[in-house]
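A.B. asks: What follows is a predicted structure for the sequence shown.
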Amino acid sequence: MNKQSSARLIHLLISKSMAEALLITAVAVGFYFATTNPNLRGVLDQADNTSITGWAVDESNAAARVEVQLFIDDRFAGDATVDQYRPDVHQAKRAPDDWHGFAFTTPQLSTGDHQARVYAVHANGAGTRRTLQLIGKPYRFRIGQ
C-alpha cells in the first residue's frame, strides 16, 4: 500500500469515527429530551423520623400540581400530589399560588442512617410513557441514636 492510499484510508476512518460520534450524540440528546422535563424545579427540604417535606413545580405549567414519589433507601415509600401550603415558593416567584409543597409521613424505619429521594412523575411528549425525575438532591437523615 502506498503512502497516498494509507493517508486516504486514515482520513476515511477518521471521518467514519466522527460520523459515529455525531450519531451517538444525537441519540443521547434525543433520549435526554424524551425522558426528562427541563422545567421541573423543586427541593427536598427536610427529612426526619416524623416527616419528609419539600416542594416541586413544573415551570412550563406552574399552575398544575406535580405528582411525586418518595423513595427511602432506594425503596418506594409513597406517592402524593404536590398541593401543600408553601408560600415561600410563591414568594420566590416559582409558582402562581401557595400550594406547591409535599409532605410525607416518615414510615417506620430502623435506627441508623437513611436516605430519602423524591422524584417527580411526568409523561413524555406523546403521553405514552411516565418517567421519574429526581427533585433536588437526596437527603440523608438519621433515626434514633
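C.D. replies: Alright, I've got the coordinates. None of these values were measured; they are calculated from a predicted model. Numbering: from 1, shown residues only.

A.B. asks: for this protein, which helix is longest?
C.D. replies: Counting by DSSP state H, the longest helix found in the chain is helix 3-35.

A.B. asks: now that one: mean pLDDT?
C.D. replies: Averaged across helix 3-35, pLDDT comes to 87.

A.B. asks: which secondary structure elements does the following helix or strand past it contact?
C.D. replies: As assigned by DSSP states H and E, the chain's next helix or strand after helix 3-35 is strand 40-47. Secondary-structure packing of strand 40-47 (3 or more Cβ pairs under 8 Å, 6 or more residues apart in numbering; DSSP states H and E): strand 51-58, strand 112-123, strand 130-143. In short, each C-beta sits where N, CA and C put it, glycine included.

A.B. asks: thinking again about what came up before, run the chain-centre distance for the longest helix of the chain.
C.D. replies: Its chain's average C-alpha position is 30 Å from that of helix 3-35, according to Cα atoms, centre = their mean, to the nearest Å.

A.B. asks: And for stretch 73-90?
C.D. replies: Taking Cα atoms, centre = their mean, one finds the center of stretch 73-90 at 14 Å from the center of the full chain.

A.B. asks: Having no further points to raise, I will conclude here.
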